[in-house]
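Q: sequence first, then the predicted structure, then my questions.
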Amino acid sequence: MALLRSGWLWRQTSVLKRWKLNWCDLWIDGSLCFYKTDSRRELEHRVSLKTACVDVRSGLECGDLSPPENNPRENRIVVQLRDGSSVNLCANSEDESIAWKLTLLETRRNPVFTYDPYDDSYQEIPINRYHTVYITPGAGPGTHQVVVQRDPFDGVMENIALGLLAGMAAGTAMRSFLWMPVFFC
């Protein structure tokens, strides 16, 4: 698997909200992995950006998140996840923070790749308009995964149409109630 970016980042733990220095790897399949050391032996945390990431913010966009000691607010990175949680990170410099943000966003938006060990190559898998990926089984043995992503704007127009219809019905009903005293006088 191809490595897109790696380096030391501060990561805020989810329970105690302490900052820990972790070695981070961002892989081409969208996996953001956190290790204790740069030897990559002990995996502490993994986030799949292709399926879980909603947005990535850096610097002053991160709001009131306080960075670790001796780090300015411009070095912060926040990865917003679909379940409402977030991964809070802090780089060693503002330039590094921006570089991580751009790489994270690019990885999230890039298509899904599959690895063929027989050819030692990666192939892009097309995503259709429903944000669904179909992978047909190959000739060789192995597992085949299907990744399905829900369109964030699916059903928006139906909700807008129902809201407009309900508003028009409520307006019509209110207007008829306003004329009612005139008819009884």
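A: Structure's in. What do you need?

Q: and the helices in the chain?
A: 49-52, 94-109, 156-183 (DSSP state H).

Q: mind checking which of those helices is nearest residue 43?
A: helix 49-52 (16.0 Å; C-beta to C-beta). (C-beta placed from N, C-alpha, C; glycine too.)

Q: same question for the closest one: list its buried residues.
A: 49, 50, 52 (16 or more other C-beta atoms under 10 Å).

Q: can I get those residues in JSON lines including distance to residue 15 and pLDDT?
A: Output for the buried residues of helix 49-52, formatted as JSON lines (distance: C-beta to C-beta, whole Å; pLDDT from 0 to 100):
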{"residue": "49", "distance to residue 15": "22", "pLDDT": "83"}
{"residue": "50", "distance to residue 15": "26", "pLDDT": "78"}
{"residue": "52", "distance to residue 15": "19", "pLDDT": "81"}
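
Q: among those residues, which one lies nearest to residue 62?
A: residue 49 (17.5 Å).

Q: I'd say the closest one and residue 108 touch.
A: Yes: under the criterion of C-beta atoms under 8 Å, residue 49 makes contact with residue 108 at 4.8 Å.

Q: quickly list what's touching both of these two.
A: residue 30 (C-beta atoms under 8 Å, 6 or more residues apart in numbering).

Q: show me what contacts the residue positioned nearest the centre of the chain?
A: In the chain, the residue lying closest to the centroid (C-alpha atoms, centre = their mean) is residue 53, at 1.2 Å. By C-beta under 8 Å, 6+ apart, the residues touching residue 53 are 30, 47, 79, 80, 81, 82, 104, 108.
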